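[1] with the sequence up front, the predicted model follows.
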Amino acid sequence: MPVQTYTKTSIVGQGGVNKLGFEIATDDNSGIKIDTLILADAIRTSFVNGINGVSHTSEGNTPTSLNTNTWTFDWIVPAAVTGDVTFYGTFNAANSNSTSQGDQVYTKILIITEGLATGIEENLSQADLTYRVSKC
């Protein structure tokens, strides 16, 4: 639904690391940011690239439970969408050994299609606005 707010949850998990992070941005497939992201936890998340994306902060990169980290933020659907909206997610798992050895980077793309017969609300629930990336 246009101008509807949906809470997004991003989860990353991997054994043997002590830092887990993420960054998510959206666009309308032409490279133009067309919607609004709202921080749900300003201590653990922050805006990046102006306000075009959401990422972890230094306080938010420590796992919240064994080998897993979770972040939430809100997404307000644009008033006038003219096509699909794509969420681009990058997730990292680091062991803090001052090298990239043993670290992992994961990517995930989620496309929300405009104009499905089921409507965007059903589309969102089917697509599951939760990014889950794990390697244990």
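    Perfect, thanks for sending it.
[2] for this structure, just list every one of the helices.
    119-127 (DSSP state H).
[3] so where's it shaky on pLDDT?
    Within the chain, the stretches with pLDDT under 70 are 1-2, 28-35, 80-82, 114-136.
[4] hmm, try it at 80
    1-3, 27-35, 49-52, 77-84, 113-136 (pLDDT under 80).
[5] any idea which residue is closest to the centre of it?
    Most central in the chain under Cα atoms, centre = their mean is residue 24, positioned 4.0 Å from the mean C-alpha point.
[6] hey, what's the residue nearest to it when sequence neighbours are not counted bridged with?
    Of all residues not flanking residue 24 in the chain, residue 89 sits nearest, at 4.7 Å (Cβ to Cβ, 6 or more residues apart in numbering). Every C-beta, even on glycine, is put in place using the N, C-alpha and C of the backbone. Bridge pairing for residue 89 (DSSP bridges) gives the partners residue 24, residue 108.
[7] which residues touch residue 89?
    Shown in contact with residue 89 (Cβ atoms under 8 Å, 6 or more residues apart in numbering): 10, 22-24, 107-110, 131, 133.
[8] list just the nearest of the residues you listed to residue 66.
    Using Cβ to Cβ, residue 133 comes nearest to residue 66 of the contacts of residue 89, at 15.9 Å.
[9] which parts of the protein are strands?
    Ranges of strands within the chain are 5-14, 19-27, 36-39, 45-48, 53-56, 68-76, 85-94, 104-112, 130-135, based on DSSP state E.
[10] tell me which of these sits most buried.
    strand 53-56 (a mean of 22; mean count of other Cβ atoms under 10 Å).
[11] all set now, cheers.
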